[in-house]
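Student: need a 3D model of the sequence below.
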Amino acid sequence: MVRIFFLVSLIFLSACAQIPDAPALTTNAIIEIYNKNGDVEGLVLIERNGYPFGKSLPGGKIEYGEKLETAIRRLVKAQVDMELMDIKQFHAYSSPIRDPNYHAIEITVLARGIGTPRSSREALNAAVVPLKDIPWGKFAQDKERILRDYLDYQQGKRTKVIWIPTL
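Tutor: Purely as a prediction, here's the structure:
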């Protein structure tokens with residue numbers, strides 16, 4: 001079903017507009033909130049205020065000439081009014097059908113959140129959600145897969161996370 005939607009979308013786009021030569025570059029953040037014992041208390045999730053609707057992670061497009069770290073800090077500040085520490089590259093997701101709007105390669109980062117998430121015009125209902133209360137089945141795009149990959153990482157089933165140096 002998803003593949004049919006994707007093919008129909010490509011046909012429609014090619015008839016109405018020029019398809020870009022390269023995919024867009026986007027980023028999102030798995031923002032961990034820690035308790036006083038140093039354990040992950042929960043993750044910051046948002047409700048998208050636009051298509052595709054559903055639960056999501058803070059993030060968006062990386063601007064031309066912008067570093068990944070700068071982009072994710074800008075997007076998180078604008079969407080949930082938080083600061084990030086210990087930013088690490090988690091994984092790149094590149095399937096051409098992962099985003100119904102366009103082909104985007106998304107670089108997901110893992111970071112420690114500082115502050116309390118606040119809702120914004122772009123991110124409705126920003127909140128810290130305990131890992132046991134993640135609302136499976138209610139996510140936009142491929143965010144559910146990203147969070148399942150994260151949980152595999154947390155449980156030791158996946159070990160590679162890449163550090164992003166500040167240059």
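
Student: state the helix or strand in which residue 92 lies.
Tutor: Using DSSP states H and E, residue 92 sits in strand 83-93.

Student: now do that strand: which elements does it pack against?
Tutor: strand 24-34, helix 68-80, strand 104-114, helix 143-154, strand 162-163 (3 or more Cβ pairs under 8 Å, 6 or more residues apart in numbering; DSSP states H and E). C-beta here means a position set from N, CA and C on the backbone, and glycine is covered the same way.

Student: pLDDT score assigned to the most centrally placed residue in the chain?
Tutor: Note on the chain: the residue nearest the mean C-alpha position is residue 28, at 2.9 Å, using Cα atoms, centre = their mean. The model reports residue 28 with a pLDDT of 95.

Student: pLDDT below threshold where in the chain?
Tutor: 1-20, 97-100, 158-167 (pLDDT under 70).

Student: can you pull the buried residues of the strand holding residue 92?
Tutor: Applying a neighbour-count criterion of 16 or more other Cβ atoms under 10 Å, the buried positions in strand 83-93 are 84, 87, 89-91, 93.

Student: can I get the residues you listed in TSV including distance to residue 77?
Tutor: Converted to TSV, these look like this (distance: Cβ to Cβ, whole Å):
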residue	distance to residue 77
84	9
87	13
89	19
90	19
91	23
93	23
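
Student: which two in these are spaced the farthest apart?
Tutor: 84 and 93 (19.4 Å; Cβ to Cβ).

Student: one step back: and the angle for the strand holding residue 92 with helix 143-154?
Tutor: 100 degrees (axes from the mean of the first three to the mean of the last three Cα atoms, to 10 degrees).

Student: so how far is stretch 112-131 from its chain's centroid?
Tutor: Relative to its chain's centre, stretch 112-131 lies at 13 Å (Cα atoms, centre = their mean, to the nearest Å).

Student: end to end, how far does it reach?
Tutor: 15 Å (Cα to Cα, to the nearest Å).

Student: same deal with stretch 40-57?
Tutor: Per Cα to Cα, stretch 40-57 runs 16 Å from first to last residue.
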